[in-house]
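*Asks:* Got a predicted structure here, sequence first:
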Amino acid sequence: MSSFKIFDIAGSGMNAQNLRLNIVSSNLANVDAVSSSVKDTYRAREPVFRAMLDRFDPQAPAVGVEMAGVVESKAPLVREYRPNHPMADKDGYIYRPNVNAVEEMANMISASRSYQSNVDVLNAARQMMMATINLGR
(Lines give C-alpha, C1' and ligand atoms only; values in the text may rest on other atoms or scores of the structure.)
Protein backbone atom coordinates (compact mmCIF):
# COMPACT_ATOMS: atom_id res chain seq x y z
CA MET A 1 0.00 0.00 0.00
CA SER A 2 1.26 3.44 -0.94
CA SER A 3 2.26 5.84 1.82
CA PHE A 4 -0.02 8.41 0.23
CA LYS A 5 -3.13 6.23 0.77
CA ILE A 6 -3.29 7.54 4.32
CA PHE A 7 -4.35 10.91 2.94
CA ASP A 8 -7.18 9.30 0.97
CA ILE A 9 -8.33 7.27 3.95
CA ALA A 10 -8.28 10.17 6.41
CA GLY A 11 -9.88 12.44 3.82
CA SER A 12 -12.75 10.01 3.29
CA GLY A 13 -13.20 9.85 7.06
CA MET A 14 -13.34 13.65 7.24
CA ASN A 15 -15.89 13.73 4.43
CA ALA A 16 -18.02 11.10 6.17
CA GLN A 17 -18.01 13.04 9.44
CA ASN A 18 -18.86 16.25 7.59
CA LEU A 19 -21.90 14.53 6.06
CA ARG A 20 -22.82 13.16 9.48
CA LEU A 21 -22.65 16.68 10.96
CA ASN A 22 -24.94 17.95 8.20
CA ILE A 23 -27.53 15.31 9.05
CA VAL A 24 -27.27 16.08 12.76
CA SER A 25 -27.77 19.79 12.06
CA SER A 26 -30.84 18.99 9.95
CA ASN A 27 -32.27 16.90 12.78
CA LEU A 28 -31.59 19.63 15.35
CA ALA A 29 -33.10 22.30 13.08
CA ASN A 30 -36.35 20.30 12.98
CA VAL A 31 -36.51 19.25 16.62
CA ASP A 32 -39.36 21.70 17.36
CA ALA A 33 -41.24 21.30 14.07
CA VAL A 34 -44.96 20.67 14.41
CA SER A 35 -47.33 18.98 11.99
CA SER A 36 -51.02 18.17 11.87
CA SER A 37 -50.53 14.67 10.44
CA VAL A 38 -48.23 11.69 10.90
CA LYS A 39 -47.48 11.65 7.17
CA ASP A 40 -46.15 15.25 7.12
CA THR A 41 -44.07 15.07 10.31
CA TYR A 42 -40.29 15.27 10.06
CA ARG A 43 -38.51 12.05 11.01
CA ALA A 44 -34.98 11.92 12.39
CA ARG A 45 -32.43 10.87 9.80
CA GLU A 46 -29.37 8.72 10.39
CA PRO A 47 -26.39 8.20 8.08
CA VAL A 48 -25.31 4.73 7.00
CA PHE A 49 -21.63 4.27 6.20
CA ARG A 50 -19.73 1.46 4.54
CA ALA A 51 -16.08 0.64 4.01
CA MET A 52 -14.66 1.42 0.59
CA LEU A 53 -12.75 -1.53 -0.77
CA ASP A 54 -9.89 -1.40 -3.25
CA ARG A 55 -11.37 -1.92 -6.74
CA PHE A 56 -8.24 -3.68 -7.96
CA ASP A 57 -7.64 -5.91 -4.94
CA PRO A 58 -10.83 -7.00 -3.13
CA GLN A 59 -8.72 -8.96 -0.61
CA ALA A 60 -6.94 -5.77 0.51
CA PRO A 61 -8.09 -3.98 3.63
CA ALA A 62 -10.57 -1.12 3.34
CA VAL A 63 -9.25 2.06 1.77
CA GLY A 64 -11.72 4.50 3.28
CA VAL A 65 -15.32 5.07 4.19
CA GLU A 66 -18.28 6.36 2.24
CA MET A 67 -21.90 7.15 2.90
CA ALA A 68 -24.13 4.32 1.71
CA GLY A 69 -27.28 6.31 2.34
CA VAL A 70 -29.53 7.99 4.83
CA VAL A 71 -32.34 6.22 6.67
CA GLU A 72 -35.22 7.60 8.68
CA SER A 73 -35.47 6.64 12.32
CA LYS A 74 -38.11 4.06 13.18
CA ALA A 75 -38.72 5.61 16.60
CA PRO A 76 -42.34 6.64 17.16
CA LEU A 77 -43.38 10.24 16.60
CA VAL A 78 -44.51 12.38 19.53
CA ARG A 79 -48.28 12.85 19.58
CA GLU A 80 -49.45 15.69 21.78
CA TYR A 81 -52.99 16.74 22.68
CA ARG A 82 -53.16 20.51 22.02
CA PRO A 83 -56.69 21.33 20.82
CA ASN A 84 -56.04 25.08 20.72
CA HIS A 85 -52.92 24.81 18.56
CA PRO A 86 -53.42 26.12 15.02
CA MET A 87 -51.81 22.98 13.55
CA ALA A 88 -53.98 20.55 15.55
CA ASP A 89 -55.83 17.87 13.61
CA LYS A 90 -59.60 17.31 13.89
CA ASP A 91 -59.05 15.35 17.13
CA GLY A 92 -56.93 18.10 18.70
CA TYR A 93 -53.53 16.42 18.29
CA ILE A 94 -50.28 17.80 16.94
CA TYR A 95 -47.31 15.67 15.91
CA ARG A 96 -43.68 16.33 16.71
CA PRO A 97 -40.56 14.73 15.20
CA ASN A 98 -38.90 11.71 16.76
CA VAL A 99 -35.68 13.71 17.16
CA ASN A 100 -33.94 13.31 20.51
CA ALA A 101 -31.96 16.53 21.03
CA VAL A 102 -29.65 14.97 23.64
CA GLU A 103 -28.80 12.07 21.34
CA GLU A 104 -28.20 14.45 18.45
CA MET A 105 -25.86 16.58 20.56
CA ALA A 106 -23.92 13.43 21.48
CA ASN A 107 -23.75 12.53 17.76
CA MET A 108 -22.51 16.03 17.01
CA ILE A 109 -19.72 15.80 19.59
CA SER A 110 -18.76 12.33 18.36
CA ALA A 111 -18.66 13.43 14.72
CA SER A 112 -16.67 16.53 15.59
CA ARG A 113 -14.09 14.52 17.54
CA SER A 114 -13.84 11.92 14.78
CA TYR A 115 -13.28 14.68 12.25
CA GLN A 116 -10.54 16.16 14.45
CA SER A 117 -8.93 12.72 14.83
CA ASN A 118 -8.71 12.43 11.04
CA VAL A 119 -7.14 15.90 10.88
CA ASP A 120 -4.59 14.75 13.46
CA VAL A 121 -3.81 11.66 11.35
CA LEU A 122 -3.24 13.88 8.30
CA ASN A 123 -0.96 16.19 10.24
CA ALA A 124 1.04 13.29 11.72
CA ALA A 125 1.45 11.65 8.30
CA ARG A 126 2.58 14.95 6.79
CA GLN A 127 5.11 15.49 9.57
CA MET A 128 6.49 11.95 9.18
CA MET A 129 6.85 12.39 5.44
CA MET A 130 8.58 15.72 5.91
CA ALA A 131 10.94 14.13 8.45
CA THR A 132 11.71 11.32 5.97
CA ILE A 133 12.44 13.85 3.23
CA ASN A 134 14.74 15.79 5.56
CA LEU A 135 16.77 12.66 6.39
CA GLY A 136 18.46 12.91 3.03
CA ARG A 137 19.68 16.44 3.65
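*Replies:* The structure has been received and is ready for your questions.

*Asks:* hey, let's count contacts and neighbours off CA atoms from now on
*Replies:* Will do.

*Asks:* Check what pLDDT the closest residue to Leu28 other than its chain neighbours gets.
*Replies:* Nearest residue to Leu28 in three dimensions, chain neighbours excluded: Ala101, at 6.5 Å (C-alpha to C-alpha, 6 or more residues apart in numbering). Looking at Ala101, its pLDDT reads 96.

*Asks:* Likewise for Met1?
*Replies:* 52.

*Asks:* Tell me which helix or strand the most centrally placed residue in the chain sits in.
*Replies:* Nearest residue to the geometric centre of the chain (C-alpha atoms, centre = their mean): Arg20, 1.5 Å. Following DSSP states H and E, one finds Arg20 within helix 5-29.

*Asks:* Give me the next element, helix or strand, following that helix.
*Replies:* Next element after helix 5-29 (DSSP H and E): strand 45-51.

*Asks:* Rounded mean pLDDT for that next one, please.
*Replies:* When pLDDT is averaged along strand 45-51, the result is 94.

*Asks:* Mind listing the strands that strand pairs with, and their directions?
*Replies:* Strand 45-51 has the following sheet partners, assigned by DSSP bridges: strand 65-72 (antiparallel).

*Asks:* Tell me which residues are up against the partner strand.
*Replies:* 9, 12-13, 16, 43-52 (C-alpha atoms under 8 Å, 6 or more residues apart in numbering).

*Asks:* redo that, cut-off 7 Å
*Replies:* Under the criterion C-alpha atoms under 7 Å, 6 or more residues apart in numbering, residues 12-13, 16, 43-52 lie in contact with strand 65-72.
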